[in-house]
Every structure is written in structure tokens, then in C-alpha cells.
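Chemist: just to be clear, the model below is a prediction. Sequence and coordinates:
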Amino acid sequence: MRHLVFRAMTHDDISRVPLDCHGSAQDVAIRIRKLGSAAILAFDGEAHVAQLQFRLHDSKLRSASGIWSPDY
């Protein structure tokens, strides 16, 4: 693997990277507008290889079954 490059996700990335765990594209756009980003993206050359998604903490969004639940 080559040297990975990391950068914050921008609005332009919404149509270019997977959003499966983020919610809708509209949700992601709102999060980027509020926080400045919605994920840290990793690239190997031109290939998008990973992302770490984030959002503001909201205790109402926590899994009822705790960290070990698949929906955490």
C-alpha cells in the first residue's frame, strides 16, 4: 500500500464516497454545514479506501442495547 492521504470530507464528496452509514445526502450536507465536515476520508493515490464518520453527540441517538448492539 502506498502512503495514505487523509482529509476532511467536504460537500463535494457527497456524490463521490459511500454514505451508507451516514444517513441521507441531505443529512450529510447539513452536518457538513454545521461542523465543517462529516468524516475524515483516506485515499491511497486516487482510490478512496476508508472513512471515519462523525457527528455531534446526541444521547437520543444511542443504541438502547449499548456499544455491543449492531446499530450502535
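Modeler: Sure thing, it's come through.
Chemist: contacts, neighbours, all on C-alpha from now
Modeler: Will do.
Chemist: what ranges does this protein have for its strands?
Modeler: 4-8, 39-44, 47-53 (DSSP state E).
Chemist: ok and the shortest one relative to strand 39-44, angle-wise?
Modeler: For the pair strand 4-8 and strand 39-44, the angle between their directions (axes from the mean of the first three to the mean of the last three CA atoms, to 10 degrees) equals 160 degrees.
Chemist: listing partners with orientation, what would you give for strand 4-8?
Modeler: When pairing is defined by DSSP bridges, strand 4-8 lines up against strand 39-44 (antiparallel).
Chemist: what residues of the partner strand count as buried?
Modeler: 39, 41, 42, 43 (16 or more other CA atoms under 10 Å).
Chemist: now the last one: how far from residue 4?
Modeler: When distance is defined by CA to CA, to the nearest Å, residue 43 is 5 Å away from residue 4.
Chemist: now do the third one
Modeler: Relative to residue 4, residue 42 is positioned 6 Å away (criterion: CA to CA).
Chemist: okay, now the unreliable bits of this structure?
Modeler: 1, 61-72 (pLDDT under 70).
Chemist: now for the buried residues of strand 39-44: which two are most distant?
Modeler: 39 and 43 (12.8 Å; CA to CA).
Chemist: buried residues in stretch 51-61, which are they?
Modeler: residue 51.
Chemist: list the contacts for residue 12?
Modeler: For residue 12, the contact set (CA atoms under 8 Å, 6 or more residues apart in numbering) is empty.
Chemist: this protein: helices as residue ranges?
Modeler: 25-35 (DSSP state H).
Chemist: what pairs with the residue nearest the centre of it across the strands?
Modeler: The C-alpha lying nearest the average C-alpha coordinate of the chain belongs to residue 53 (CA atoms, centre = their mean; 2.7 Å). Partner residues in beta bridges with residue 53, using DSSP bridges, are residue 39.
Chemist: what about the nearest residue to residue 32 once chain neighbours are set aside, neighbour count?
Modeler: Leaving out its chain neighbours, the residue that sits closest to residue 32 by CA to CA, 6 or more residues apart in numbering is residue 38, at 5.3 Å. Per other CA atoms under 10 Å, the neighbour tally for residue 38 reads 26.
Chemist: all set, thanks.
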